[in-house]
Structure formats: structure tokens, C-alpha cells
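*Asks:* model the following, please.
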Amino acid sequence: METLIGKNILVAGATGGIGSKLIKLLAGSGANLFITARNKEKLQQVAKENNIPVEKIAALDMADPAAVNQLKEKYFQQFPSVDILINAAGIGIIKQTDLLTEDDFMQSLQTNLFAPFLLVKAFLPSMKEVKKGLIINIPGVLGKVPMAGAAAYSASKYGLVGMMQSIREEVKRTDIRITNLFLGGVDSPFWDTIDLKVQREKMVQSQEAAKAIWFLCQQPASGVVSEMVLQPFNHQVI
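*Replies:* Numbering: from 1, shown residues only. Purely as a prediction, here's the structure:
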């Protein structure tokens, strides 16, 4: 396994139920972190808890091209390169199609597909310069197997998977690695605003999901984990 000591890592979605726990694991492994999320107060709290200086955080809407460009500038003022790019941000709008609004659908695409596109577009060139790096996205199992009520969510996540598979073809003659983590049923704030009867006590714990991402960050230099599936025993769909 590769060491994380001294690795330059950018984490988007650092304040979420999974993201905040991932930051603790990465910081404890000696990585150099730059973190971003939408909520400034929560981001500052995560940074404080993990001794991340203010110049290495950025609160922004990742679906805003101008904001992502500013993030890029701020990041490279702190680090000369990006070894690992982790996108742990996203939203979940789960509704039957007849209740799904146009705004719901477009917000899903903006947050779960367009924002990752902007992020990769901003930081992939740096990886291409040195012909190495690791990009981790979290499509979730609904980016592999759909379910009723997830038309918008699955559309955005299937799009994310297809986009990253295409980008993988673009960089296959380099040592740039792309990993998709398909998480299913994680007990996190994701479910707080979703009107579904679910057994959260039987879901994968957010700490364990964070450990999965932390593990993927340490992939051996001689290989790549193209995808990983982690889901609870009572909700296996793959």
C-alpha cells in the first residue's frame, strides 16, 4: 500500500457525514490537505478540528465555474501539485417522477454531474503534466443499479460514471488512476431530508464508508482499484 505521508490531497464535500470523518483519517495519516465544501461555518469547524490552516480551505458552490477557478488558484498557491482528488460532495433528491420538479432534476445534475466535471477539468491538467495522480468519485449504487423514485439521482450518477469512464480512456497511457466507489445505504445526513422508510441502524456506518475511501487513497503504485462496492447486508443490489 502507498503511504499518505506528504501527499497533496484535495477533498470536496469535506463537511458531510462521510467527508468530515474522512478528513480525520487523512490528517492522521500525514497527508497535506486542502478542503472545500459549501457551508463556511462547518468547513471552518472541520479545519479547526484537524489543524488545517485557513489558507487551505475554501467555501464555495462547486457548480459555479468562476468559484471553481478561484479554488484552483487558491489551491496551487498552497501546493505545487495534486496527488489525490476526492469528490465526496453531492445531493440526493428521491421522489416519484410525477412529483419530481424541473428544478429538482436540474439541481441533481448541477450538483452531482456538472460540479464534478468542473472539478476534474480544473485539476486534471496538473495531473497530466506529471502523468500521475488519483481521482476518486462516489457515484453510489444508484449509479450502477437504479431504483424507483431515483430518476434524477440515478441520471446524475450514471452520468458521472460514464464521464469518468471516458476520462479514464483519455489518460490510460499515463499513471493517472480513476476510482469509483459505489456506496449503498450509508447512515449519514443524506437521509435526513428524504421521505422514505429506511432502517438506518442496519446501514453501513459513515465511519466505515470513510475508511473505504481512506483505503482507496493508498492503492499500490503497481495497480488500480477501478471500482469498489460497499453496501449493507440487508440491501445488496449488486
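*Asks:* got the contact list for the helix ranked longest in the chain?
*Replies:* If you go by DSSP state H, the chain has its longest helix at helix 151-170. Helix 151-170 is contacted from outside by 92-95, 97, 100, 104-105, 108-109, 111-113, 116-117, 120, 124, 135, 137, 139-140, 142-144, 146-147, 178, 180, 226, using Cβ atoms under 8 Å, 6 or more residues apart in numbering. Bear in mind the C-beta positions are built from the backbone N, C-alpha and C, glycine included.
*Asks:* quick one: name whatever helix or strand follows the lowest-mean-pLDDT helix or strand in the chain.
*Replies:* When each helix and strand of the chain is scored by mean pLDDT, DSSP states H and E, strand 186-187 comes last, with a mean of 59. Moving toward the C-terminus from strand 186-187, the next helix or strand (DSSP states H and E) is strand 204-205.
*Asks:* against residue 9, how distant is the residue nearest to residue 100 when sequence neighbours are not counted?
*Replies:* Once flanking residues are discounted, residue 100 sits nearest to residue 152: 5.7 Å by Cβ to Cβ, 6 or more residues apart in numbering. Taking Cβ to Cβ, to the nearest Å as the measure, residue 152 falls 30 Å from residue 9.
*Asks:* kindly report the same for residue 231.
*Replies:* Taking Cβ to Cβ, one finds residue 231 at 25 Å from residue 9.
*Asks:* residues contacting the closest residue to residue 52 other than its chain neighbours?
*Replies:* Spatial nearest neighbour of residue 52, excluding adjacent residues (Cβ to Cβ, 6+ apart): residue 33 at 5.6 Å. By Cβ under 8 Å, 6+ apart, residue 33 lies in contact with 9, 11, 23, 26, 27, 50, 52, 56.
*Asks:* in helices, which of those appear?
*Replies:* 23, 26, 27.
*Asks:* any idea which of the residues you listed is closest to residue 79?
*Replies:* For the ones in helices among the contacts of residue 33, the residue nearest residue 79 by Cβ to Cβ is residue 26; the value is 14.1 Å.
*Asks:* not counting stretch 4-13 itself, show me its contacts.
*Replies:* In contact with stretch 4-13 (Cβ under 8 Å, 6+ apart) are residues 19, 22-23, 26, 29-37, 62, 75, 79-90, 115, 119, 123, 217-218.
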